[in-house]
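*Asks:* Just to be clear, the model below is a prediction. Sequence and coordinates:
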Amino acid sequence: MYQTVNKIGFFINTPFHYYLYEDTINSLMEKGYHCDLIINDYLLNDTEWKDMYTGTLKFIENIDRNDLEAYPCSLLLSNGVIYQCIISPYYFGQLSNLSVFNVRMMYGVGFGLEKESFNYSYWNVFYDTILNYGEYDYQRTNIYNAGKIVGNPKFDKWFNNQIDAELILSSLESFDCSRKTILYAPTYGVHSSIDQWLDELSQLQNEYNVIVKLHHGTTYLESESYRRQRILSEFQNVRDDTTNTLELMKVADLIITDTSGMIFDSLLAGKKTVILNTDTSEKYKRFNSSAILLRQIVPSWNFGCNLQESIKSIFDEEVAENGMVQSFLDNFFAFRDGKSSMRAAEAIIETIQNPKENILRQDLKRMLML
């Protein structure tokens, strides 16, 4: 027997997802809506991913707020609980049985054939509403008028100057305020720059404050354990996805990454940014137009360059208004006014209160429930 509850659920795989949702949850609660976190406990069935569930559970237990409840997905399904609406960063089969309406919140911008083919894949059709950053993702996901351009909700704290830099500084070891600070934020898997570049990056600690932000894949996956251990053994200041990346960006003078979506976050924050190329990222430079354009406006270094000298030249450069960067960002991010979570909340409420009839989407959902 099914029971529909008048609540909005937020589907979470990793602590990283909580930071995507946080300000939107707050905006909805301010409007009188009750919100829950729904934890994907099906990760426990996969040895590769199970540590992500236990890490997420521990993170949620330590969140300093008493206005949010969290429930395992399997428990809700077994009890026939159906939410009025569920927000998720990408589609999971279980969502068809968990909610009346489904809303997608974009979790980042990616480039490269693999990332774009996933981000803008067929499963976007299952969403009643898709909360887009800007024109770029809107054009690729606006299926049957489901798209709604709201901006990037997780950046509201940044644009409203609500990031407490002192809090993160107090947690760093051997931090020298007279030095420049570098944030290294690689992706995970075969496209990560860790394998080729880590030795040289480790040497930077002799001259700079270096913080490493682990991708949530590197943080939890069994297959990433050797990369994780290398980083933990070679760097003093390592943070995982339980730390809000915006806090680390706030104290950074330079952000170094690779094919990670961190490139776009760094540019949106107005930070000096560098891309480290690897053998496996070469194909992105050749075959993907976004990657080619990105490397025309962001320094892109090949392995074997003099890293120390290259970084020094970046710091010596004066910050100047870059029309190409602004034009690039305008295509990806429509708003930078600190009100994106409010627009996201309004779009979610509109989805619930004034649903659009879409026979194709409803048929697909019914087929998944058979």
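*Replies:* Perfect, thanks for sending it. Numbers count the residues shown, from 1 in each chain.
*Asks:* Could you measure from Q308 over to L204?
*Replies:* 7 Å (CB to CB, to the nearest Å). (Each C-beta comes from the backbone N, C-alpha and C, glycine too.)
*Asks:* Looking at those two, which one has more neighbours?
*Replies:* More crowded of Q308 and L204, by other CB atoms under 10 Å: L204, with 19 against 14.
*Asks:* if we look at stretch 352-361, which residues are touching it?
*Replies:* I8, Q84, C85, V100, F101, V125, F126, Y127, D128, Y144, N145, A146 (CB atoms under 8 Å, 6 or more residues apart in numbering).
*Asks:* Rank these by pLDDT and give me only the lowest.
*Replies:* Minimum pLDDT for the contacts of stretch 352-361 is recorded at Y144 (85).
*Asks:* Looks to me like that one is in a strand.
*Replies:* No: read with DSSP: H, G, I helix; E, B strand; the rest coil, Y144 is helix and lies in no strand.
*Asks:* Not counting sequence-adjacent ones, nearest residue to it?
*Replies:* N358 (5.1 Å; CB to CB, 6 or more residues apart in numbering).
*Asks:* how near is the one you found to Q94?
*Replies:* Remark: distance between N358 and Q94 (CB to CB) = 21 Å.
*Asks:* So the residue nearest to Y144 versus A146, what's the distance?
*Replies:* Counting by CB to CB - N358 and A146 are separated by 8 Å.
*Asks:* who's more crowded, those two?
*Replies:* A146 (24 against 16).
*Asks:* okay, now the closest residue to that one other than its chain neighbours: neighbour count?
*Replies:* Leaving out its chain neighbours, the residue that sits closest to A146 by CB to CB, 6+ apart is I130, at 5.0 Å. Residues near I130, counting by other CB under 10 Å, number 24.
*Asks:* show me the contacts for I130.
*Replies:* I130 touches V103, R104, M106, N124, T141, N142, I143, A146, G147, K148, counting by CB under 8 Å, 6+ apart.
*Asks:* What about the residues you listed, which are in helices?
*Replies:* Judged by DSSP state H, helices contain the following of the contacts of I130: T141.
*Asks:* Among the contacts of I130, which has the minimum pLDDT value?
*Replies:* Among these, I143 has the lowest pLDDT, at 85.
*Asks:* ok, now which ones touch the nearest residue to it once chain neighbours are set aside?
*Replies:* Using CB to CB, 6+ apart and skipping the chain neighbours, the partner closest in space to I143 is V125 (5.0 Å). Neighbour list for V125: I143, Y144, L360, R361, L364 [criterion: CB under 8 Å, 6+ apart].
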